[in-house]
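Q: Here is my input; please provide its structure:
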Amino acid sequence: MKQETFRRELSDLTPDMPEVFRQRVEAFLQEKVDQEVNMKESTKRALYMGGRFSSRALIFALVAMLMLGSVAFAATRWGIFDTLSWLGTQPPTADSVMQGKLHTETVNGVEITIEEAGYDGRTLFLQYSYRFPGMTKQLGEVMGEKGIRMLTEEDLALFDQHNVGWWIDAFWVNGQCMDMAGGSGSDDRPGENPGEMIRTEYWRLDNMDVKLTGEVEIALPIGDRQPLSEYSLLDHPEKYDADKNLIKPDQGLVTFTFDAKDTLSRVVRTNPNIATVTPDVTVRVSEAAYTPLMTYINLTMEPNPDSIAAYKDEHGEGWLDEEGNLLWAYTGMDVYGAWISSLQLVDGEGKVIFLDNGGCNSSGETWAEFIYPYMDPANLPEQLWLAPVNGGVADMTCAIRVK
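A: Okay, the predicted model is just below:
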């Protein structure tokens with residue numbers, strides 16, 4: 001067969017890849033190319049064309065490595081991305097920081113499994129399941145117009161019946177007590193198996209100035225429920241350390257080991273600190289952090305005192321009770337808080353980056369945090385801004401420079 005004919009028929013047989021698959025394959029192959037120090041430069045050039053792998057080169061390289069048995073390329077489908085929709089599409093880097101099926105034990109007849117754990121350098125993600133015995137049906141009921149299956153009061157009562165589940169607002173990392181960190185949260189929903197319940201949690205360890213590296217022991221108070229009266233600081237001070245942190249209990253915990261690896265070193269941080277001055281507030285991006293799972297953007301804000309004074313002249317000193325007593329005075333958040341919350345991440349042309357995910361996570365008078373799904377720090381748009389968007393059009397005249 002002539003070479004031209006072969007190429008034409010090969011082209012017909014190898015359609016273009018879906019973009020998500022392309023991204024995962026490119027990330028994987030780039031890592032392999034970087035690792036193969038003995039690989040000839042000519043081979044690298046044949047694979048990599050103009051800053052991007054060609055579709056057919058990707059296919060050939062992937063098939064070749066699979067045939068050689070050197071890899072098993074199949075990204076795991078991690079449940080946290082199905083549950084926490086604000087995380088967006090599962091990124092190609094997820095497998096490098098996520099781990100599954102870390103531990104299983106039975107407590108009071110209930111099988112408890114640590115299904116998934118992941119750490120991106122700031123947030124610890126956990127997903128674990130309860131399998132209640134003697135049940136033949138899936139828990140929950142289909143509710144609402146969207147037909148979402150949700151847990152019922154009867155389902156939640158199973159925790160009391162078996163005396164298992166979260167019993168105190170703390171957990172332990174390497175024996176150190178962790179309180180409820182700001183910005184953390186959880187989600188409970190029925191599992192796919194009979195009698196199964198799935199709990200997904202995310203812990204903002206960075207808000208407690210806690211950093212994980214290497215193998216760590218995590219102990220969750222999700223096993224046999226203990227009476228809270230036995231852990232009262234007032235009645236049992238011996239169970240607390242000098243800083244009034246609860247010493248790791250001997251009972252009621254489910255403990256497992258998680259490898260946080262060197263993820264902290266993979267977080268890419270930038271500090272633009274470019275001021276955007278508006279009549280009400282001066283805003284800067286103090287830090288933008290790109291992790292293997294998420295994007296975090298922190299703002300610092302300097303209120304305009306004259307603007308706050310004018311607001312009080314028009315609306316009064318602040319919030320009052322029924323008797324007219326001042327509960328708290330108006331601050332900059334009353335003046336520009338809604339504007340800050342409305343900002344969206346856009347590129348240099350004003351195009352919104354994430355239409356359905358992310359945005360202002362929390363804010364105060366002098367700070368705000370925005371969180372978004374994963375962005376590859378090596379392939380960011382030339383410019384990034386936070387800007388108010390109205391009718392799909394970004395107002396770049398008061399946008400805040402991110403990159």
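
Q: Out of the helices and strands in the protein, which is least certain?
A: Lowest on mean pLDDT, DSSP states H and E among the helices and strands of the chain sits helix 41-47, with a mean of 41.

Q: mind listing what the helix or strand harbouring Ile371 pairs with, with the direction of each?
A: Take DSSP states H and E as the rule and Ile371 turns out to sit in strand 367-373. Here strand 367-373 has these sheet partners by DSSP bridges: strand 294-303 (antiparallel), strand 359-363 (antiparallel).

Q: Show the subsequent helix or strand relative to it.
A: strand 384-390.

Q: Check what contacts that following strand and list those residues.
A: If you take C-beta atoms under 8 Å, 6 or more residues apart in numbering as the criterion, strand 384-390 is touched by 285, 288, 297, 299, 339, 342-348, 350, 352-353, 370, 394-396, 398-403. In short, each C-beta sits where N, CA and C put it, glycine included.

Q: Remind me what the following helix or strand past it packs against, helices and strands.
A: Beyond strand 384-390 on the C-terminal side, the first helix or strand identified by DSSP H and E is strand 393-394. Packed against strand 393-394 by the contact rule (3 or more C-beta pairs under 8 Å, 6 or more residues apart in numbering; DSSP states H and E) you find strand 384-390.

Q: make it 10 Å
A: When contacts are defined as 3 or more C-beta pairs under 10 Å, 6 or more residues apart in numbering; DSSP states H and E, strand 393-394 packs onto strand 343-347, strand 384-390.

Q: measure stretch 95-111 end to end?
A: Stretch 95-111 has an end-to-end distance of 26 Å (C-alpha to C-alpha, to the nearest Å).

Q: and that stretch, which residues are buried?
A: Residues of stretch 95-111 classed as buried: 95, 97-99, 102-103, 107, 110 (neighbour count, 16 or more other C-beta atoms under 10 Å).

Q: which residues touch Asp259?
A: Asp259 is in contact with 97, 99, 102, 117, 119, 212-216, counting by C-beta atoms under 10 Å, 6 or more residues apart in numbering.

Q: so, if you compare the residues you listed, which one comes nearest to Pro381?
A: Within the contacts of Asp259, the smallest distance to Pro381 is 24.0 Å, found for Val97 (C-beta to C-beta).

Q: So in that sheet, which strands flank the helix or strand Phe258 falls within, and in what orientation?
A: Element membership for Phe258, per DSSP H and E: strand 254-259. Here strand 254-259 has these sheet partners by DSSP bridges: strand 215-220 (antiparallel).
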